[in-house]
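>>> turn this into a structure:
(2 chains)
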2 protein chains.
Amino acid sequence: MTEHSLTKEIIEVLRKAPSVALFSHVSPDGDCLGSMLALGLALETMGKKVAFFNPDRVPEALTFLPGSDRIQQLLPNPLPEVLVFTDCTDLKRVTLTPGNLGDSIVVNIDHHISNQRFGKFNWVDDKASACAEVCLTLIKQLGVLMDKDIATNLYTGIVTDSGCFQYSNTTANTHRLTAELIETGLDLTMIHHHLFDQKPLAQVKLLQAALNTLELYADGQLAVMTLTLEDFRQSGAVQEHSEGLVNHARSIQGVEAAVLLKEVGPQEIKGGFRSNLWFDVNKVAAQFGGGGHKRAAGCTMKVSLTEAKKQVIRAIEEGLIVGRAH
Amino acid sequence: MTEHSLTKEIIEVLRKAPSVALFSHVSPDGDCLGSMLALGLALETMGKKVAFFNPDRVPEALTFLPGSDRIQQLLPNPLPEVLVFTDCTDLKRVTLTPGNLGDSIVVNIDHHISNQRFGKFNWVDDKASACAEVCLTLIKQLGVLMDKDIATNLYTGIVTDSGCFQYSNTTANTHRLTAELIETGLDLTMIHHHLFDQKPLAQVKLLQAALNTLELYADGQLAVMTLTLEDFRQSGAVQEHSEGLVNHARSIQGVEAAVLLKEVGPQEIKGGFRSNLWFDVNKVAAQFGGGGHKRAAGCTMKVSLTEAKKQVIRAIEEGLIVGRAH
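Modelled structure (predicted):
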């Protein structure tokens, strides 16, 4: 199917459907919720009955998204004829199986290269920084007039999944689409406040604990931080609060590789590795039975924190020396 | 002079000039340097002799800007017929007086509302997020083909002055212009690495010291951090390394007002105040002989750090109670 005829078919399916249910993935983020809500609100302006589904509760920081109070954790019963999935690589990400979907027509809209094409119609654009980019294109083609509520959802999808336009998935098109959204009269101050100024205190305390352990090795090319179970307990933090902390080490001048080692149980350490320009942290993670990408990888080690730290520093120091020699 | 005829005149002046000197302000940032270099490189492609001036040295993090190695700290002698100032509110910001400029024609390109219109031609667009936005418009009107070097300079100006498209000065036009720049083939990963991943270790250590003092008051609405002279000494940090630290306190969930108190001398405390949505920190700063804006203000207090903290907390707690009552 050509891209053009695919779009045409999806539009026809959606135009015809009197009611549509929309689905987004577990551990919901700004892009899956923003995409789902934007598309649902757009379909509503076309006179359709719309239901929203997510297996989890909406994170507090995203409850400002227009329509988020209508998201259900129960499947609509009966299921409407058309089901739309946004930002979901496969049905497992929505805690569903094909058996849950009956005879409904499945439309799968995503931007992950790993998408499993589980729908009857699969619009997967891996060049898009966010699923919201794909949804915006679809909404325009549906002929829906963009309003502020729809735009707030789409903008949130783009700004969160593109890392505030800093990730390498950001393109000229990302910025052009964003310009269109801003022109609907978006309240950027409000949106940014909700997205970026709502850090849980526990997360800031965890950063404090991590920074207190910061050490540099290999002439400042390697930065290492650690977190003990006690740090999590004292700060009242949960595992997800440590996400992104390693970047505080990675962004130090002169640092090429950064590591955060977290004690998640007795003799159980999770390692998070990042690099900046050339060092392959995927290779290091692989040495410890983990994996990922060249610039971001992780592993789990069944040793003490002290031992994990020693082993990881040795492995990375060796890699840095070998790498530099080339 | 209408905007259109002003642009036309500036273009005519620049087209005619065989050589042009460009100027940017003290304590140079990404926008003043990026604007100056972009415009200068564009004029060079038109066959002009170009000289760049800045009173200070280029900060290391900005030495990746194409052309930055050509910036001089001495005035060109003789001065060319046309002088272009970018991002400079007045001549003092360039450590110059009118006497330094001889009979040269001064073109003043800026986006600050407070610009002193010191040129013969003054193109001041206070709706632009960055001076680089104005320069991009000018370069397009000069008919110069945008290349990657020019675009790298302009993008840096926009991304730094708009706070990665997060500040309220960001408009639809900011994103549209950015899209045009990215289409020249910008290396966004390289630019972002230079701009955002080069934090001096001293700055990170200062953050650590500040976080270790973090305390919440007024039911979590007020966050306070302090830095002693000893903290600066131990971390090897200078005053400018503390810039922006207060935002780590401001962005905590539930916090409306945030304070960083820095000991800058014996019995001499600098207070930095920020607020999120409604609290007027300007009023608080004014109580201590300082000032600023509603959401960002500062003051200097001639007391001990302990005393300053006590006084500031009391003043803000009172303001929070009064504000809430309304």
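>>> which residue ranges form the strands in the stretch 1-150 of chain A?
Read by DSSP state E, counting those that start in this stretch, the stretch 1-150 of chain A holds these strands, from start to end of the chain: A:19-23, A:49-53, A:71-72, A:82-86, A:105-110, A:121-124.
>>> possible to save the ones you listed as a markdown table with mean neighbour count and distance to B:Asp197?
No exception for glycine: its C-beta is placed from N, CA and C like everyone else's. Putting the strands of the stretch 1-150 of chain A into a markdown table (neighbours: other CB atoms under 10 Å in any protein chain shown; distance: least, CB to CB, whole Å) gives the following:
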| stretch | mean neighbour count | distance to B:Asp197 |
| --- | --- | --- |
| strand A:19-23 | 24 | 37 |
| strand A:49-53 | 20 | 38 |
| strand A:71-72 | 17 | 36 |
| strand A:82-86 | 28 | 32 |
| strand A:105-110 | 23 | 30 |
| strand A:121-124 | 20 | 31 |
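>>> those strands: which one's closest to chain B?
Closest to chain B of the strands of the stretch 1-150 of chain A is strand A:71-72 (CB to the nearest CB; 21.3 Å).
>>> so what touches that closest one?
Contacts made with strand A:71-72 from outside it, assessed by CB atoms under 8 Å, 6 or more residues apart in numbering or on different chains, are listed as A:33, A:36-37, A:51-54, A:58.
>>> 6 Å instead?
With CB atoms under 6 Å, 6 or more residues apart in numbering or on different chains as the test, strand A:71-72 has contacts from A:52-54, A:58.
>>> kindly reformat these as TSV containing pLDDT and distance to B:Ile252.
Listed next are those as TSV, based on pLDDT from 0 to 100; distance: CB to CB, whole Å:
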residue	pLDDT	distance to B:Ile252
A:Phe52	98	30
A:Phe53	98	32
A:Asn54	98	27
A:Val58	96	21
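>>> what does the stretch 151-300 of chain A have sitting close to chain B?
Within the stretch 151-300 of chain A, the residues that sit near chain B (CB under 6 Å from any CB of the partner chain) are A:164-166, A:168, A:172, A:175-176, A:178-179, A:182-183, A:189, A:192, A:197-201, A:204, A:208, A:211, A:251-253, A:276.
>>> so which of the residues you listed are in helices?
In this view, those that belong to helices under DSSP state H are A:172, A:175-176, A:178-179, A:182, A:189, A:192, A:201, A:204, A:208, A:211.
>>> can you select the buried ones among the residues you listed for me in ChimeraX?
Here is the ChimeraX selection string for the buried members of those, based on 16 or more other CB atoms under 10 Å in any protein chain shown:
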select /A:172,175,176,178,179,182,192,201,204,208,211
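>>> what's the farthest-apart pair in the ones in helices among the residues of the stretch 151-300 of chain A next to chain B?
By the measure CB to CB, those have their two most distant members at A:Arg176 and A:Gln208, which lie 40.2 Å apart.
>>> thinking again about what came up before, can you put the strands of the stretch 1-150 of chain A in CSV and add distance to A:Glu268?
CSV is the format used below for those (distance: least, CB to CB, whole Å):
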stretch, distance to A:Glu268
strand A:19-23, 34
strand A:49-53, 34
strand A:71-72, 34
strand A:82-86, 34
strand A:105-110, 33
strand A:121-124, 36
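>>> how much space between the closest residue to A:Asn122 other than its chain neighbours and A:Val144?
Excluding its sequence neighbours, the residue lying closest to A:Asn122 (CB to CB, 6 or more residues apart in numbering or on different chains) is A:Asn108, at 4.5 Å. Distance of A:Asn108 to A:Val144, given as CB to CB, to the nearest Å: 20 Å.
>>> same check on A:Thr45?
Spatial separation of A:Thr45 from A:Val144 under the definition CB to CB is 6 Å.
>>> same check, this time on A:Gln73
Here A:Gln73 is placed at a distance of 27 Å from A:Val144 (CB to CB).
>>> pLDDT at A:Asp126, what is it?
Note for A:Asp126: predicted pLDDT of 94.
>>> how close does it sit to chain B?
With distances taken as CB to the nearest CB, to the nearest Å, A:Asp126 is found 18 Å from chain B.
>>> so what's A:Asp110 bridging to?
Taking DSSP bridges, one finds A:Val124 as the beta-bridge partners of A:Asp110.
>>> which residue ranges make up each domain of chain A?
For chain A, the domain assignment from automatic domain parsing gives the residue ranges A:3-196, A:202-325.
>>> next, format those as JSON lines and append distance to B:Trp123.
Putting the domains of chain A into JSON lines (distance: least, CB to CB, whole Å) gives the following:
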{"stretch": "domain A:3-196", "distance to B:Trp123": "22"}
{"stretch": "domain A:202-325", "distance to B:Trp123": "36"}
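>>> looking at those, which is closest to B:Gly290?
Across these, the minimum distance to B:Gly290, taken as CB to CB, is reached by domain A:3-196, at 24.1 Å.
>>> that closest one: end-to-end distance?
Distances were taken as CA to CA, to the nearest Å; on that basis the terminal residues of domain A:3-196 are 36 Å apart.
>>> ok, A:Leu83 touching A:Ser104?
Yes - under the criterion of CB atoms under 6 Å, A:Leu83 makes contact with A:Ser104 at 4.8 Å.
>>> what's in contact with stretch A:133-148?
Residues from elsewhere that reach stretch A:133-148, judged by CB under 6 Å, 6+ apart: A:11, A:35, A:38-39, A:42, A:45, A:109, A:111, A:125, A:128, A:154, A:177, A:184-185.
>>> can you say which of those residues are buried?
With neighbours counted by 16+ other CB under 10 Å, these contain buried members at A:35, A:38-39, A:42, A:45, A:109, A:111, A:125, A:128, A:154, A:177, A:184.
>>> what does the pLDDT read for A:Arg324?
Taken from the predicted model, the pLDDT recorded for A:Arg324 is 67.
>>> now do the helices in chain A.
Taking DSSP H as the test, the helices found in chain A are A:3-16, A:30-45, A:131-141, A:148-161, A:172-182, A:188-196, A:201-211, A:229-235, A:246-250, A:281-287, A:305-325.
>>> for the residue nearest to A:Asn122, list the residues it contacts.
Contacts of A:Asn108 by CB under 6 Å, 6+ apart are A:85, A:118-119, A:122.
>>> go with 10 Å
Going by CB atoms under 10 Å, 6 or more residues apart in numbering or on different chains, A:Asn108 touches A:10, A:23, A:83-86, A:88-91, A:115-124.
>>> how about A:Gly119?
Taking CB under 10 Å, 6+ apart as the criterion, A:Gly119 is in contact with A:10, A:83-85, A:88, A:91, A:101, A:105-110.
>>> what's the pLDDT at it?
pLDDT, A:Gly119: 97.
>>> out of everything not next to it in sequence, what's closest to it?
Leaving out its chain neighbours, the residue that sits closest to A:Gly119 by CB to CB, 6+ apart is A:Asn108, at 3.1 Å.
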